[in-house]
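In: I'll drop the sequence and a predicted model, then ask my questions.
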Amino acid sequence: MFLSAAAIAMCSAGVLVLAIGLWSGKAQIAAGRGIEKVVTLHRVCFATPLAVFGALHLFAPEFILPLVPKVLPWPMVWVYGIGCALLAASLSITTGRVVHWSGLLFGLMMLLFVLILFVPVALRHPGDRMGWTFVCRETSFGGGAWMLAGVAGAAGAASNGWPAHNRRVLLAAGRALVIPALLLFGVEQMLHPTLLPGVPLRKEMPEWVPVRVLIDYVTGAALIVAGGSVLLQRNTRLVAGWVGAWLLLLVIVIYGPVMILALGRPELAVQVEGINYFADTLLFAGVILVLSEASPPAKDLL
């Protein structure tokens, strides 16, 4: 098996940030009970893909360069700069340091990407479901980051996070930005029940996956229920926790083997695609776990 330098860098960055996150959060993980133990993984699930994407920017910039708007000068500077920003954000989030700033700024960056890059494409091709899928995916990543920023320092003084009013605004905005992805992806899974589950792009589940249609229907229903729970403000912490855990399981048992098989191919594009699919869905699972963490227990809503 020949691994490209880009694939090695992406996997190494992800494993390093994962290890740092698990080590720094070991006390919270050990203290968690039931589904809350999975919810404690929200930061590491969110941060690990950012490190992977940061390494992609630095070691395979040719995949990112076509996305840079032509009106911007020095396109390679933008590619490398964003790569460094992603790595910095991943370390901040996984260690829990200055997350109120890294979450806020990463969320702003994702929303700028949506407005500049993805919305124009979706408007030019309204009949192509992929355009709006990308819009909702990137928007949900930004929403998850804002919820992280809102949760950060919630129990401490304003110097350790944002003031209470700012946190409430960030949490409300973050939840609103995640809802469209939950509902759209849920419907798309129902309409295309052989796609890879979670973030329904173009790639289909391998035929070796048993009951793959059932998996997509369950995933689609779970995402719709999660979106409804946010809209109705009913049991969101519990529902999002279980849905995030389900997606995390799918990342391990489906996307993991898909990535390994892709890494066994000699083509750089195939290797990068396999890693990206894994990281994308892990990040979306992280967003849903952040949604759970940012939602009050049911007893606090009474």
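Out: Looks like it arrived, so ask away. Computed from a predicted model, the values in this text were never measured in an experiment.
In: R129 and G107, how far apart?
Out: 25 Å (CB to CB, to the nearest Å). Backbone N, C-alpha and C define where each C-beta goes, glycine included.
In: which residue of the two possesses the greater neighbour count?
Out: Summary of the neighbour comparison: R129 and G107, criterion other CB atoms under 10 Å, with G107 having more neighbours (25 against 18).
In: quick one: the one helix or strand that one maps to to chain centroid distance?
Out: When elements are defined using DSSP states H and E, G107 is found to belong to helix 99-113. On the basis of CA atoms, centre = their mean, to the nearest Å, helix 99-113 sits 13 Å off its chain's mean C-alpha point.
In: mind checking what helix or strand follows that helix in sequence?
Out: Proceeding N to C from helix 99-113, the next assigned helix or strand is helix 119-124, under DSSP H and E.
In: what residues of that following helix count as buried?
Out: V119, A122 (16 or more other CB atoms under 10 Å).
In: so for it, mean pLDDT?
Out: Per-residue pLDDT values across helix 119-124 average out to 94.
In: helices of the chain, start to end?
Out: With DSSP state H applied, the chain shows helices at 5-24, 26-31, 35-39, 42-59, 75-95, 99-113, 119-124, 129-151, 164-191, 212-232, 236-250, 256-263, 268-293, listed in chain order.
In: worst average pLDDT in those helices?
Out: Looking at these, the lowest mean pLDDT belongs to helix 26-31 (a mean of 90).
In: not counting it itself, show me its contacts.
Out: L22, K37, T40, L41 (CB atoms under 8 Å, 6 or more residues apart in numbering).
In: count the residues that sit near the nearest residue to G220 once chain neighbours are set aside.
Out: Computed as CB to CB, 6 or more residues apart in numbering, the closest residue to G220 that is not its neighbour in sequence is Q189, at 3.1 Å. As a burial measure, the neighbour count of Q189 was computed by other CB under 10 Å and equals 26.
In: quick one: L112 and S92, what's the gap?
Out: 19 Å.
In: more crowded one of the two?
Out: More neighbours sit around S92 than around the other of L112 and S92, counting by other CB under 10 Å; the figures are 23 against 12.
In: what's the end-to-end length of stretch 92-99?
Out: End-to-end distance of stretch 92-99 (CA to CA, to the nearest Å): 6 Å.
In: model confidence for K299, exactly?
Out: Looking at K299 specifically, the model assigns a pLDDT of 53.
In: these two touch, right, L177 and R137?
Out: No - counting by CB atoms under 8 Å, L177 sits too far from R137 to count as a contact (11.1 Å).
In: what's the neighbour count on the closest residue to C136 other than its chain neighbours?
Out: Taking CB to CB, 6+ apart, and ignoring the residues beside it in sequence, C136 has A181 as its nearest neighbour in space, at 4.1 Å. Here the count is done by other CB under 10 Å, and A181 has 25 residues near it.
In: was I right to think A181 contacts T139?
Out: Yes - counting by CB under 8 Å, A181 sits close enough to T139 to count as a contact (6.6 Å).
In: nearest to V258, of the contacts of helix 26-31?
Out: The closest of those to V258 turns out to be L41 (CB to CB; 21.0 Å).
In: any idea how far apart the tips of stretch 65-72 sit?
Out: First-to-last residue span, stretch 65-72, CA to CA: 11 Å.
In: roughly how far does the residue nearest to G220 sit from A269?
Out: For Q189, the distance to A269 equals 26 Å [CB to CB].
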